[in-house]
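Colleague: everything below, folded, please.
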Amino acid sequence: MSDSGEDEVLKADSDHEGENEDLEEKEKSDGDQLESCPLTQDILARSLSLLCRTGNGLSHAYVRLDLKNKGLTDLALLSSFIHLRYLDLSSNHLSDFSPLAGLTQLLWVKGDSNLLQGFEGQPFGQLTFLQWLSIASNRLFDVKGLGGPALETLNLTGNGIQTMQGLDYPNLTNLVTLELRGNCLETTDGIYLPNLRHLYLAQNNIKKLEGLEKLERLITLHLRHNQLETLDGLSASMKCLEYLNVRGNLISSMRALQTLASVGQTLKALVLLDNPIAKTDDYRLYVISQLPHLERVDKDPVTPEEKFEAQKKEFEDDNAEDQEDD
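Modeller: Numbering: from 1, shown residues only. Here you go, the predicted structure:
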């Protein structure tokens, strides 16, 4: 990932702070009894756009509907708009998305900042063409019942998800990008998605890297602001990993970085800023010595001079001190 790519990720983290503030305001307002606010024909008429040919090519229909911030509690009227492809339902008071079940042409759905508590009984797995889904800043605690046969990008940022157990790979075979920033995960275990390319897990409570050996096609792994003390769990079966961000964790020793060698043939960028080890003099040269194809450490490119120096330098064995303590 380039510097510009890192900047985009940092911007996403900043944007997430705003999402948290929106969610806090929503939770305060939800303390009062919500008044019923169903979708009406008038709201629909003012919110439709993008006239396109229908699937049979014989007629035209509006395929985009923007219902953002309408105060909606009920989508029942939506069930008859079967030609919709793009649907924004963000910033409402919705806890039931079942009226979407018949909208089989949907490609893109944004349901951020609503009140969805779980995927079981919801229609997303029935939407055979849905490629992009965002359910950020809702009230999810798990992912049971989650599915989408054509889904490529899934955003679950800013929920209260505590476990990925129940994630059913046969129902998510095409998922490429999974965004789980700002949840309550303590481990990476349960993310069995062999086709996944990009995984964003910043701002959780992750202490252990588990189950990563199943992510053989993963290119990007973003773990900023967690509680990792070691990188044990990285696996040689991760044969495509190019970008690893563990900024703002608890990594303090070179020994904790030894498993980096397992991904040394592919890793091109590593971010270790704001870890205790980043305050030591030799950490940069050490990771360069372990990762022959590394192009960038933190924000700075790896130079030929650094590669040469890293090859010559002898590093102290962190294990020695531990053995003396034993």
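
Colleague: export stretch 59-78 as CSV, just CAs?
Modeller: Listed next in CSV are the C-alpha coordinates belonging to stretch 59-78 (Å, rounded to 0.1, in the frame of the first residue of the first chain):
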residue,chain,number,x,y,z
SER,A,59,-39.4,-0.1,-20.1
HIS,A,60,-37.7,2.4,-17.8
ALA,A,61,-37.7,2.8,-14.0
TYR,A,62,-35.9,4.8,-11.4
VAL,A,63,-33.1,2.7,-9.9
ARG,A,64,-31.7,5.0,-7.2
LEU,A,65,-33.4,5.9,-3.9
ASP,A,66,-31.9,8.2,-1.3
LEU,A,67,-33.8,7.9,2.0
LYS,A,68,-31.0,9.2,4.2
ASN,A,69,-32.0,11.0,7.4
LYS,A,70,-35.7,10.8,7.0
GLY,A,71,-36.5,9.6,10.5
LEU,A,72,-38.0,6.3,9.1
THR,A,73,-39.1,3.4,11.3
ASP,A,74,-40.9,1.3,8.7
LEU,A,75,-40.0,0.4,5.1
ALA,A,76,-43.1,-1.6,4.2
LEU,A,77,-43.9,0.5,1.2
LEU,A,78,-40.5,-0.2,-0.4
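
Colleague: next up, phi/psi of the nearest residue to L231 once chain neighbours are set aside, please.
Modeller: What sits nearest to L231 in space, not counting adjacent residues and going by Cβ to Cβ, 6 or more residues apart in numbering, is T259, at 5.0 Å. C-betas here are computed from N, CA, C, even on glycine. Main-chain dihedrals, T259, degrees, to the nearest 10: phi -70, psi -10.

Colleague: then Y286?
Modeller: phi -60, psi -50.

Colleague: what about it, neighbour count?
Modeller: Using other Cβ atoms under 10 Å, Y286 has 20 neighbouring residues.

Colleague: what's the distance between it and K307?
Modeller: As for Y286, its distance to K307 is 13 Å (criterion: Cβ to Cβ, to the nearest Å).
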